[in-house]
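Q: Sequence first, then the predicted structure, then my questions.
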2 protein chains.
Amino acid sequence: MSTSASSEIRVQGENLRRFIAAALGRVGLPDADAATVARLMAEADLQGSDGHGVIRLPQYIQRIECGGIKQRPGIRVVQERAAMAVVDGDNGMGHLVVSRAVDIAIDKARQAGVAWVGTRNSNHAGPASLYARMPLQHDMVGLYFAVGNANHLPPWGGMDMLLSTNPIAAAFPTAEEPPVVLDMATTVAAYGKVKAKAKRGEPMPEGWMIDRQGQPLTDPNRASEGFLMPIGGHKGYGLALMVGLLAGTLQGAAMGRDVVDFNTDHRTPTNTGQAILVIDLAAFGGAAPFKAAVDALVRDIRGSERLPGVERIWLPGEQSHGKRRAYAESGVPLPLALVEDLDRLAARLAIRPLARSEPVAAPA
Amino acid sequence: MSTSASSEIRVQGENLRRFIAAALGRVGLPDADAATVARLMAEADLQGSDGHGVIRLPQYIQRIECGGIKQRPGIRVVQERAAMAVVDGDNGMGHLVVSRAVDIAIDKARQAGVAWVGTRNSNHAGPASLYARMPLQHDMVGLYFAVGNANHLPPWGGMDMLLSTNPIAAAFPTAEEPPVVLDMATTVAAYGKVKAKAKRGEPMPEGWMIDRQGQPLTDPNRASEGFLMPIGGHKGYGLALMVGLLAGTLQGAAMGRDVVDFNTDHRTPTNTGQAILVIDLAAFGGAAPFKAAVDALVRDIRGSERLPGVERIWLPGEQSHGKRRAYAESGVPLPLALVEDLDRLAARLAIRPLARSEPVAAPA
């Protein structure tokens, strides 16, 4: 077991995947489905989306045990045309529902050039970029929208939290450079970041949240007394609304006051909605010129003049790309407290605990 | 002639349309094309997009006279599948190219459910919302992306202005409420707002621009020494990049360092790119349930609890909707200085000057 000074433990992606699959299998998911979800959750940790990987496992397990997520859903297409489909997830695990939606969109885009596939009766599915990235290996662009699973954002000027952090993700293939992958909440900070600040006992920067008087709220322990702020003021409110209409309302999924807070309610079906747009570069004159143009743009941006004190200009997705490479080799760093949670979960489910990495032998 | 205290003149939309069409006809646009562009430009003013309506006419005319825009372009589809097309605008007026693209997208969406049509060799086409709104009358959703026609935004942490204010617009049909119409630059302020502050001799708020030391820049007369700021910091940078890749690079249009500053260069073809995504609600279970759901959401938001001091919660597009109604009746308010510019243009082109509204008779 390798423990860093900051109480982190390194775990190989493969071990993470096996552990998650065992836990999900234990609560009734069929083996193939448990393996799919586990692969995607481990992939989230491997790309550094640590708020969306194995940290969510205890919550997912609890929800399944409470009957809030179906173990054996009948996921099916309920509406379909040449360039679109709506997938009804039958309240199954979101990862299964959305990856099915993306597969269908990729198939349809290959024929129609472009395809939109949305979901309803889905659930939380992890980081948006996971799904936006799936079309990349087919030389396709992915654009993903999702309704968040708890409302923390009021309309601009308001106090009723009718909106969520509704994220947008987009992934663009490249030839030699890391793919350009954007994945962003439409709020200044995602709610998970607020919780992380509370856990570390640090104040939040001004601009993340306001209180009911409209004043900056910086104490993360008072988060329940305030609201998240949208990016760009009224613009982020507009974006969160747009994403919710596209990912939720369009497919008949929950939006606005129908959104279920899945952190406090483990039983009510969330009717989560997501949507993926897939664009096949082959229809637009071929992938090669597009990828070459993105490579050139990436290099122009990376090599451009920096403000005083700025060490490097990053492209969206570049840091995740670096983590994916590093963690594939050295293992995913997990906080000791999380590993202890997972050990308790393992004991309760009577499965083998999460296997830690062998310590790397120090040079003699 | 009715002149308000603030040196504004009211002009009926119909008179605006006739004047613009006459001017464009005079510099060589065929009558039907001049009428189409004039209708869209007047529509921009009628919805309150006053930075994108008749105020642009002198610049467009100059560009046409300099050979920077073709009067009789051969606009044609160069790539096509069931759910996509690329329209080559042959360097014609952007309004013609984009409205052609939207028409094609609406037709394709009616069959395929969803369609993406992009442009290249297009030009500045006015406000993004004009085009996102076109599908509304067909009970379709419109989502529009465009590459701006001058780079004022550096990558996050940088000083090279490789990006523009690349806007996003989205329009959602409703039953009884005004349609939800978002139209936003991915920068905190559009560059036109900076110019307007300079004209009025007012400082800019902190957050609009920074200088080459990364410090807030609030003097609009020093705008050329600084850069626009993206909404949400690195997030808005990511959005501007995403929009540029979707609207520009994907269609083979200009992006990054290839973007021509059409304010300073009147001759070089801009190779502007735009893209519209049209979603036919009929494919998603019909327009009626969607429109009813959006109405309900709009009412929830409008009626929700307000922060202290906030008089009203607005929906995106609600203020433009109000202006469109008011201006259709009372005429579009134009600054006196603009009307004088247009009078000089009329004299130079030997066309009838812009007809002012009759003053409304005061009650006896």
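A: Yep, that arrived.
Q: A:A175 against A:A288, yeah?
A: Yes: counting by Cβ atoms under 8 Å, A:A288 is a contact partner of A:A175 at 7.5 Å. No exception for glycine: its C-beta is placed from N, CA and C like everyone else's.
Q: Give me the more crowded residue out of the two.
A: A:A175 (14 against 11; other Cβ atoms under 10 Å in any protein chain shown).
Q: which ones are touching the more buried one?
A: Applying Cβ atoms under 8 Å, 6 or more residues apart in numbering or on different chains to A:A175 gives the contacts A:288, A:291-292, A:294-295.
Q: Could you export those residues as CSV, including distance to B:G89, secondary structure and pLDDT?
A: CSV is the format used below for those (distance: Cβ to Cβ, whole Å; DSSP: H, G, I helix; E, B strand; the rest coil; pLDDT from 0 to 100):
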residue, distance to B:G89, secondary structure, pLDDT
A:A288, 24, helix, 98
A:K291, 24, helix, 98
A:A292, 23, helix, 98
A:V294, 23, helix, 98
A:D295, 26, helix, 98
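Q: Got a ChimeraX select line for the buried ones in these?
A: A single ChimeraX command selects the buried members of the contacts of A:A175 (16 or more other Cβ atoms under 10 Å in any protein chain shown):
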select /A:291,294,295
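Q: Among the contacts of A:A175, which ones lie close to chain B?
A: A:V294 (Cβ under 8 Å from any Cβ of the partner chain).
Q: Among the contacts of A:A175, which one lies nearest to chain B?
A: Of all the contacts of A:A175, chain B sits closest to A:V294, with 6.4 Å by Cβ to the nearest Cβ.
Q: how about the strands in chain A?
A: A:8-11, A:76-81, A:84-88, A:114-120, A:140-146, A:168-172, A:180-184, A:209-211, A:216-217, A:226-228, A:274-280, A:332-335 (DSSP state E).
Q: Make a markdown table from these and add mean neighbour count and mean pLDDT to it.
A: Output for these, formatted as a markdown table (neighbours: other Cβ atoms under 10 Å in any protein chain shown; pLDDT from 0 to 100):
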| stretch | mean neighbour count | mean pLDDT |
| --- | --- | --- |
| strand A:8-11 | 21 | 94 |
| strand A:76-81 | 16 | 98 |
| strand A:84-88 | 26 | 98 |
| strand A:114-120 | 30 | 98 |
| strand A:140-146 | 28 | 98 |
| strand A:168-172 | 27 | 98 |
| strand A:180-184 | 25 | 98 |
| strand A:209-211 | 20 | 95 |
| strand A:216-217 | 18 | 96 |
| strand A:226-228 | 25 | 94 |
| strand A:274-280 | 28 | 98 |
| strand A:332-335 | 20 | 94 |
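Q: Switch those strands over to a markdown table; also include distance to B:T187.
A: Putting the strands of chain A into a markdown table (distance: least, Cβ to Cβ, whole Å) gives the following:
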| stretch | distance to B:T187 |
| --- | --- |
| strand A:8-11 | 38 |
| strand A:76-81 | 36 |
| strand A:84-88 | 32 |
| strand A:114-120 | 28 |
| strand A:140-146 | 21 |
| strand A:168-172 | 17 |
| strand A:180-184 | 16 |
| strand A:209-211 | 23 |
| strand A:216-217 | 23 |
| strand A:226-228 | 22 |
| strand A:274-280 | 24 |
| strand A:332-335 | 36 |
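Q: Give me the nearest residue to A:E8, chain neighbours excluded.
A: Leaving aside its sequence neighbours, A:E8 sits nearest to A:P333 (Cβ to Cβ, 6 or more residues apart in numbering or on different chains; 4.3 Å).
Q: Any idea what the one you found is bridged to?
A: A:R10 (DSSP bridges).
Q: Wait, it touches A:I9, no?
A: Yes: using Cβ under 8 Å, A:P333 makes contact with A:I9 at a distance of 7.3 Å.
Q: for A:M209, what are its contacts?
A: A:M209 touches A:189, A:194, A:216-218, A:223, A:226-229, counting by Cβ under 8 Å, 6+ apart.
Q: That should have said A:V11, apologies.
A: A:331-332, A:334, A:339, A:354-357.
Q: now swap in A:H321 and tell me
A: If you count contacts by Cβ under 8 Å, 6+ apart, A:H321 has them with A:47, A:178-179, A:181.
Q: 6 Å instead?
A: A:P178 (Cβ atoms under 6 Å, 6 or more residues apart in numbering or on different chains).
Q: Got the confidence number for it?
A: In this model, A:H321 is scored at 97, pLDDT.
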